[in-house]
Every structure is written in C-alpha cells, then in structure tokens.
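Trainee: curious how this folds, go ahead:
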Amino acid sequence: MKLATNQTCSVTREVFWNGSSSYEYTDIFEHLFERCDCFFDVGANIGYYAVMAGVVNKNLKTYAFEPSPGPFAYLKQNIEINHLNNVFGFELALSNENGSFSFQAAINSKYTYLKHNSLGGSGHLQVTREDESPFIVHVEAQTLDFFVNKHKVKNIDLIKLDVEEAEHLVLLGATSVLSTMRPIVVCEVFSSEMMTQLSTFWNEDDYAVFLFSDYRLKATSFADCNDIKKIENYFFVPKEKIEWIKKFID
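Mentor: Residues are numbered from 1 along each chain as shown. As a prediction, this is how the structure comes out:
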C-alpha cells in the first residue's frame, strides 16, 4: 500500500524506520481484516489501518472517521492513491450525541510552514478536555448508532477507537451496535477510571478483555485493571470471536 504523509505524522515515521510489524496492531489487524466484513476506524488519522484494510481484503467495507482537517486531507488522498472503492472516509466525529462541536487540533510548531502540520493524532473534541489549542475548528458529530442507521450498515466486526480520552463517549452513542452487532472493540485506556467507565458496556460472561502488550494479547479482566497509570491498549472481544484472535493470545 502507498501512504501520502508528511513530517508531522508519527505513524508513518515509525513504519518507515522500524517496519510495519513494529507499529501497534498491524499484524493482528492484518489477520482480522481477512475475516472481517466491516471495519470502523474511529480516529483514522491519515488512514493507515483503513487503507491496510482495503488492500488486505477487497470485500471488506471500511468506514474511516477523522474530524481534524489535516489528517482527513491525507486520509482522502490515501484512499484515492490506493484506488480503494471499499474504503469510505468521513470528516466527522463520533460521540454520544449529534451536533456541532469545537475540535482542538494539536499543532507541530517545528513545521509551521506545512499546509497540514497537525498529523500527530492528538486532537480532541473540546468538550472532553479544557486545555487550549491554537487551532480550533467546528466539526459535525454523530452517534455511531445514528450513522449506522443512516447509512444502512448491517454488521460491524471490528471497531478501532483512537479519540483521545473520548472513547467512552463514542461507546455511549453505540449501545445498539454493541448489543446487536457485537464487534471486537480495540481502544486506548488512559486510566483505571476510564476502564471503569468502559466496563459498563460489556458483561464479562459475554465479552473477554485482553491487554495488548509486546504485540501479543494477554487475557485479563475489568477487576484486574484497577491500577492503570499509563496509556494501555485493550481488545474487548465477544466470546464467539475469540477464535479470530487465538493465535495472538499468550
């Protein structure tokens, strides 16, 4: 696959210097994309995972969401240069309600001469944090349930969330999708408090919790995640889809 990018994108910098397998969930996702029919990439940035999904499986429908103008411009370009007609990009935020919100996009002060110098992926809806950003844009937000109904999406197998501490807001707007479509959900967790919020969306008799560490998955539980002091990555997997990730479980 090809990726248009610039100096402010940490994703492609990591992949270029250390190889794709060094970046986050690349190997696991490549395996999952072969089995999935529909993938939602929420906080897609320039489209690394969305494009990979489209290239790996031409029958896989991918919906990629990126509200920040800079990353979205590259997301759109990357869909085009890879000639993907199974990947759809939306300059849209997913949240717990429909409406218009202020979005704060982080600026890389080292590269102010670039047209798009905010590809670092650290932007966020202003309603979730109070810190200041020199670059604020107004974006449309929808709930995931609303989007699915509007676009007549029948099934979602995998959701990746990377929305800077607003993951629980996305899930609050996706209660119907979670209960009826039962997707694998992958997201960053910033604290034990955040994990407590996430635990309200799943019954552990029905969903399994895995910590992503050293490119492998370690079975854990919500009860054991009470001392999170740094950003950790977790997979929340319905019991019937554990077989899909079995080869990556330690």
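
Trainee: contacts and neighbour counts: CA atoms only from here.
Mentor: OK.

Trainee: how about the helices of this structure, start to end?
Mentor: Using DSSP state H, the helices assigned to the chain run over residues 10-18, 26-33, 48-56, 69-81, 144-151, 167-172, 175-180, 192-198, 242-245.

Trainee: can you put those in CSV and add mean neighbour count?
Mentor: Conversion of those to CSV gives the following (neighbours: other CA atoms under 10 Å):
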stretch, mean neighbour count
helix 10-18, 15
helix 26-33, 18
helix 48-56, 23
helix 69-81, 20
helix 144-151, 16
helix 167-172, 22
helix 175-180, 16
helix 192-198, 16
helix 242-245, 14
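
Trainee: closest to Asn96 out of those?
Mentor: Across the helices of the chain, Asn96 has its closest neighbour in helix 167-172 (4.9 Å, CA to CA).

Trainee: check which helices and strands the closest one is in contact with.
Mentor: Taking 3 or more CA pairs under 8 Å, 6 or more residues apart in numbering; DSSP states H and E as contact, the helices and strands that helix 167-172 lies on are helix 192-198.

Trainee: got JSON lines for the helices of the chain, with distance to Ser102 and mean pLDDT too?
Mentor: Listed next are the helices of the chain as JSON lines, based on distance: least, CA to CA, whole Å; pLDDT from 0 to 100:
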{"stretch": "helix 10-18", "distance to Ser102": "24", "mean pLDDT": "91"}
{"stretch": "helix 26-33", "distance to Ser102": "31", "mean pLDDT": "98"}
{"stretch": "helix 48-56", "distance to Ser102": "25", "mean pLDDT": "98"}
{"stretch": "helix 69-81", "distance to Ser102": "13", "mean pLDDT": "94"}
{"stretch": "helix 144-151", "distance to Ser102": "19", "mean pLDDT": "98"}
{"stretch": "helix 167-172", "distance to Ser102": "15", "mean pLDDT": "94"}
{"stretch": "helix 175-180", "distance to Ser102": "24", "mean pLDDT": "97"}
{"stretch": "helix 192-198", "distance to Ser102": "22", "mean pLDDT": "93"}
{"stretch": "helix 242-245", "distance to Ser102": "37", "mean pLDDT": "98"}
